[in-house]
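Engineer: structure for the following, please:
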Amino acid sequence: MKIVFALLFTLFLGSSTHAQDAQRVSKIKTAEFKVSTECHVCKDNIESEINYLKGVVYVNVKYEDKTMKVKYNSRKTDEMTIKKAVAEMGYDCGDVKANAKAKNNLGHVCEDHKGHHHH
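Structural biologist: I've put the predicted structure just below:
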């Protein structure tokens, strides 16, 4: 009797884990925004910063076409939080304008890297 119970219990545990996995996957959303990136330094800055945001599972910035793709857990964050975080760094993101002070601080970073190839 104990063996049957243990077996049923194991089967139950196994099926409930799959249900939780499916739920977790369905909470992941993908968003794409326009961002005011100029170079690979901007790309690296945004990606490393946004990767640390709670709920963000993936971020990819393409500075050539000024886009940012983000996958995030909608239970932990939302599009506006992500856009505001990028804006606080000094970049326009979607309909959120860059923080002016942060943007001014970026100017010299981008200028330093235009035409210079650091390895």
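Engineer: CA only for contacts and neighbour counts going forward, please
Structural biologist: OK.
Engineer: so what are the sheet partners of the helix or strand containing Met68 and their directions?
Structural biologist: Using DSSP states H and E, the element containing Met68 is strand 67-73. Partners of strand 67-73 in the sheet, by DSSP bridges, are strand 28-34 (antiparallel), strand 56-62 (antiparallel).
Engineer: buried sites along the first one?
Structural biologist: By neighbour count on 16 or more other CA atoms under 10 Å, the buried set for strand 28-34 is 28-30, 32-34.
Engineer: could you do the last one as well?
Structural biologist: Going by neighbour count (16+ other CA under 10 Å), the buried part of strand 56-62 is 56-57, 59-62.
Engineer: what about that strand, average pLDDT?
Structural biologist: Averaged over strand 56-62, pLDDT sits at 97.
Engineer: residues contacting that strand, please?
Structural biologist: Strand 56-62 is touched from outside by 43, 46-47, 50-51, 67-73, 77, with contacts defined as CA atoms under 8 Å, 6 or more residues apart in numbering.
Engineer: distance to Asp95, neighbour count and pLDDT for those residues - can I get that in a markdown table?
Structural biologist: Listed next are the contacts of strand 56-62 as a markdown table, based on distance: CA to CA, whole Å; neighbours: other CA atoms under 10 Å; pLDDT from 0 to 100:
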| residue | distance to Asp95 | neighbour count | pLDDT |
| --- | --- | --- | --- |
| Lys43 | 19 | 21 | 94 |
| Ile46 | 17 | 23 | 95 |
| Glu47 | 19 | 19 | 97 |
| Ile50 | 17 | 22 | 97 |
| Asn51 | 21 | 17 | 95 |
| Thr67 | 13 | 19 | 97 |
| Met68 | 13 | 22 | 97 |
| Lys69 | 15 | 15 | 98 |
| Val70 | 16 | 21 | 98 |
| Lys71 | 18 | 18 | 97 |
| Tyr72 | 19 | 23 | 97 |
| Asn73 | 21 | 19 | 96 |
| Thr77 | 18 | 14 | 96 |
